[in-house]
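Engineer: Need a 3D model of the sequence below.
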Amino acid sequence: MTRSRAATLAAVAALAIALYLLPIGDRGLIGPDEPRYASISREMAESGDWVTPRLWGEAWFEKPAMLFWMGGFGYTAGLESYTRVPVALLSLGFLAFFFWRVRAHFDGETAVTATCLLATSAGWIAYSDAGVFDAPLTAFTSAALLCLLPWASSHDRSRPAEMAAFGALLGFGVLSKGLVALVVAAIASVPVLVQRPRALLDLLRPAPVGAFCLACLPWYIACYWANGQAFIDEFIVRHHFERFVSSSLQHVQPWWFYLPVLALFLLPWTPLALSLRWETLSAGTSRRFLACWALGPLLLFSVAVNKLPGYILPSLPPLAILLAIQWKAKASRPLLVAAGATLLLVPLAGTLLPGALADGIRRAWAGLDSASILAGAAAGIAALAVASIMALKTSRERSIPAVCAIAALTLAALKFQAFPAISLQAGTQEFVASERTRLAKACIGDIRRHAAYGIWHYSGYSVPDCEQVPAAFRIEGDPPVIVPNQAADAAPRSSSE
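Structural biologist: Model (predicted):
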């Protein structure tokens, strides 16, 4: 290995560690999902029951076991961020696999460009350090579909090892978030099967089918065996089919919801999407395979009644490949400069993000002072200036990696800037740590559900609801605070009278 290549690999590793791993511990669990999933992982590890997920002692069947296993192993290993670190490591491992498979199927330049685009896209980074199911689903399902690229482009029979790897990885995808992995793979395969219907036989051979069954069926059978029809009713019926058609799960969004979400997920590379041409998407079955893979989650979940941003994360890997192919065919320097210009927003976003996650973007914006705006603008202008020079002055092959390095540094700085404040304003870790004594004598009042979940997780027990079990202190507000419970004080006087 040459010195220059060794230096490049060292720089890439340092950026990856700074961007994906180092800031993880600075942010406590936030939102309604992370505290629940971490609690299930902890209960699984402590109980030794690796089959039935349990949330605060009750069987919980909304999602399959993969994330809980990852978090449980992290907890057993003594990791503080025991759900997030395994997800981040899986994401980094997938990026290496992604580079390897894209280089093998296309070429080195396309692989470098696509990996840079994916690794520094906002959606990929955001979900790679969150202890939720979307990144594992995307990593395993996308790895499976990358193994299908030779099958998609060739009339020859695919190698059994590749097809077995496809089956096993797809099975892990089904273990990560259920049947959606199969649907994404089916939609991606449509252009191949339309052109070559007999190619379906390759997917149904013993190697892929056997590997798939070995990867995912043991847990599904064991969970059904242990829990019976309740597992089918909750996991399959309610959280697959009802989630798609019913508004009861309270995530209803308009049909166009994913258009702005995709634009945000692609940042800072969103302007490059304007360069995509029809011939790039349609030239050959492998590119049509990539296009259907990218469009499948977008179209599928746009039709669904319930929508959450992470549902379309599987669209990012194929989009990164298509953008890299387009860049190699016809590089657009103005659009790359425009991509660099979006870095202007990153420092300001770091200032807004904690308040936005806690109180909403409008209140966060209203709370900004002029000094914060000016400091963010100065840092953003500096990032834009360097990125523009890299975009215009370097060769086509090196321009995107160069701008990618600036983006990675800027986004890593955002994490280090914003994560402690996010934890303080939008989380409950610090609140529980400072109020442990009074929490033992408190009940849950009028607070948002994500705060209640976080308090239950960090306290290690279910703090009761004040309407059911009045206590000396009451948890109120957003962010939560502990106040004397006047209702509890009045109860003894009422009984004495």
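Engineer: where does G131 land in three-state SS?
Structural biologist: State at G131, reduced to three classes by DSSP: H, G, I helix; E, B strand; the rest coil: coil.
Engineer: Use 34 as the first number for this chain going forward.
Structural biologist: Happy to do that; since the first residue is 34 now, the last one works out to G164.
Engineer: nearest residue to it other than its sequence neighbours?
Structural biologist: Residue nearest to G164 in three dimensions, not counting chain neighbours: T116, with 3.0 Å by Cβ to Cβ, 6 or more residues apart in numbering. All C-beta atoms are positioned from the backbone trio N, CA, C, and that covers glycine.
Engineer: so what's that neighbour up against?
Structural biologist: T116 is in contact with 67, 70-71, 74, 100, 103-104, 107, 164, counting by Cβ atoms under 8 Å, 6 or more residues apart in numbering.
Engineer: pLDDT wise, what is it at?
Structural biologist: For T116, the pLDDT comes out at 93.
Engineer: Ok, the one 4 residues further on next?
Structural biologist: In the predicted model, V120 carries a pLDDT score of 96.
Engineer: For it, pull up the helix or strand it's in.
Structural biologist: Element membership for V120 (DSSP states H and E) is helix 117-138.
Engineer: tell me which residues of stretch 461-480 are tucked away?
Structural biologist: Buried residues in stretch 461-480, counted by 16 or more other Cβ atoms under 10 Å: 461-462, 464-465, 468, 472, 475-478, 480.
Engineer: pretty sure R507 is in a helix, no?
Structural biologist: No - under three-state DSSP, R507 falls outside any helix and is assigned strand.
Engineer: burial of it, as a residue count?
Structural biologist: 22 (other Cβ atoms under 10 Å).
Engineer: Okay, and the beta partners of it?
Structural biologist: Beta-bridge partners recorded for R507 (DSSP bridges): C476, V516.
Engineer: residues in contact with it?
Structural biologist: Listed by Cβ under 8 Å, 6+ apart, the contact set of R507 reads 475-476, 478, 499, 515-518, 520-521.
Engineer: can you put the contacts of T116 in JSON lines and add distance to C325 and neighbour count?
Structural biologist: Listed next are these as JSON lines, based on distance: Cβ to Cβ, whole Å; neighbours: other Cβ atoms under 10 Å:
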{"residue": "E67", "distance to C325": "32", "neighbour count": "22"}
{"residue": "Y70", "distance to C325": "31", "neighbour count": "27"}
{"residue": "A71", "distance to C325": "35", "neighbour count": "25"}
{"residue": "S74", "distance to C325": "34", "neighbour count": "26"}
{"residue": "L100", "distance to C325": "27", "neighbour count": "28"}
{"residue": "M103", "distance to C325": "29", "neighbour count": "23"}
{"residue": "G104", "distance to C325": "33", "neighbour count": "27"}
{"residue": "G107", "distance to C325": "35", "neighbour count": "24"}
{"residue": "G164", "distance to C325": "30", "neighbour count": "27"}
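Engineer: Output these in TSV, with pLDDT and distance to A172 appended to each entry.
Structural biologist: What follows is the contacts of T116, written out as TSV (pLDDT from 0 to 100; distance: Cβ to Cβ, whole Å):
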residue	pLDDT	distance to A172
E67	93	18
Y70	95	16
A71	95	19
S74	96	18
L100	96	11
M103	96	11
G104	96	15
G107	95	16
G164	91	14
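Engineer: Among the residues you listed, name the ones in strands.
Structural biologist: The strands, defined by DSSP state E, take in nothing from the contacts of T116.
Engineer: export those residues to JSON lines and tack on distance to A446?
Structural biologist: Converted to JSON lines, the contacts of T116 look like this (distance: Cβ to Cβ, whole Å):
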{"residue": "E67", "distance to A446": "23"}
{"residue": "Y70", "distance to A446": "28"}
{"residue": "A71", "distance to A446": "27"}
{"residue": "S74", "distance to A446": "30"}
{"residue": "L100", "distance to A446": "29"}
{"residue": "M103", "distance to A446": "28"}
{"residue": "G104", "distance to A446": "28"}
{"residue": "G107", "distance to A446": "26"}
{"residue": "G164", "distance to A446": "23"}
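Engineer: No further queries at this time; thank you.
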